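# just to be clear, the model below is a prediction. Sequence and coordinates:
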Amino acid sequence: MDFQNILQNLTRSTSSGLMLRILEALISWTIAHGIKVVVILFIAWLITRISKVFISRLIRTLIEKSKDSIIQEQRGKTLSNVFCSTLKIVIWIIAILTILPEFGVNPTPLLAGAGLIGLAIGMGSKNLVQDYLAGLFILLEDQYRVGEEVDISGKKGKVIGLTLRRTVVKDSEGTVHYIPNGQIKSASNLSRK
């Protein structure tokens, strides 16, 4: 018995014994589908935790092989945060798409619609793709890290945030500048002389 049938049965019922029917329907749905939903959510949570530990340890072992451990630790923390948040999004999207059929929702039209929307956004968002690719190269080439003093696009200050999409710089006056990575034509790292 799926969730939609339960709702239909509830709307057909009369006032006599309504609470009993609601309780019966709820127990029936919980036994048939609720347990699956809880198990899927638990597995997604568990995979997220395990992958976070795995990514952190993998990056830490790669950092230990480098010369300057303090600088590499900052880089590792930035890379770890980026990879963990990306993987977390992917895991939870998969979990939600797995849970939807338990509520009687077919995810196939949603995926097809998301694919079309993704295609349209992809065609119209050249700058967004450029930002993400530039951010990836900034991280992989180790141009600068969180905590370093930089001069980016005429904004001089300390990097307080770095993602694939943007770099956040706080200048000496306390002003916070959000710079899309795709717009960075040159970056001067003042911490490494």
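Yep, that arrived. Note that the structure is a prediction, hence the values are computed from the model and not measured. Numbers count the residues shown, from 1 in each chain.
# what is the lengthiest strand in the chain packed up against?
Assignment by DSSP state E gives strand 155-162 as the longest strand of the chain. Identification of packing neighbours for strand 155-162 by 3 or more Cβ pairs under 8 Å, 6 or more residues apart in numbering; DSSP states H and E yields helix 126-141, strand 149-152, strand 166-170, strand 176-180. No exception for glycine: its C-beta is placed from N, CA and C like everyone else's.
# which one of these has the poorest average confidence?
Of all the helices and strands packed on strand 155-162, the minimum mean pLDDT falls on helix 126-141 (a mean of 84).
# and it, what other elements does it pack with?
Packing partners of helix 126-141 (3+ Cβ pairs under 8 Å, 6+ apart): helix 69-99, strand 155-162, strand 166-170.
# parallel or antiparallel, which strands does the shortest one pair with?
Read that as strand 166-170. Here strand 166-170 is paired, per DSSP bridges, with strand 155-162 (antiparallel), strand 176-180 (antiparallel).
# shaky segments in this structure?
Along the chain, segments meeting pLDDT under 70 span 1-20, 64-72, 74.
# let's have the helices and strands packed on strand 155-162 in a markdown table, adding mean neighbour count and distance to residue 190.
Shown next, in a markdown table, are the helices and strands packed on strand 155-162 (neighbours: other Cβ atoms under 10 Å; distance: least, Cβ to Cβ, whole Å):
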| stretch | mean neighbour count | distance to residue 190 |
| --- | --- | --- |
| helix 126-141 | 15 | 16 |
| strand 149-152 | 19 | 4 |
| strand 166-170 | 21 | 11 |
| strand 176-180 | 15 | 15 |
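# the ones you listed: which one's closest to residue 41?
helix 126-141 (28.9 Å; Cβ to Cβ).
# give me the residues contacting the closest one.
75, 78-79, 82, 121-122, 143-144, 162-167, 180-184, 187 (Cβ atoms under 8 Å, 6 or more residues apart in numbering).
# so how do I select the buried members of those residues in ChimeraX?
Filtering the contacts of helix 126-141 down to the buried ones (16 or more other Cβ atoms under 10 Å) takes a single ChimeraX command:
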select :75,78,79,82,143,144,162,163,164,166,167,180,181,182,184,187
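# how many other residues sit next to residue 38?
As a burial measure, residue 38 scores 12 neighbours (other Cβ atoms under 10 Å).
# what's the angle between the helix or strand it falls within and helix 69-99?
Using DSSP states H and E, residue 38 falls within helix 35-64. Interaxial angle, helix 35-64 versus helix 69-99 (axes from the mean of the first three to the mean of the last three Cα atoms, to 10 degrees): 160 degrees.
# residue contacts, residue 80?
55, 56, 59 are the contacts of residue 80 under Cβ under 8 Å, 6+ apart.
# just the helices and strands packed on helix 126-141: most buried one?
Of all the helices and strands packed on helix 126-141, strand 166-170 has the most neighbours on average by mean count of other Cβ atoms under 10 Å, namely a mean of 21.
# alright, that wraps it up for me.
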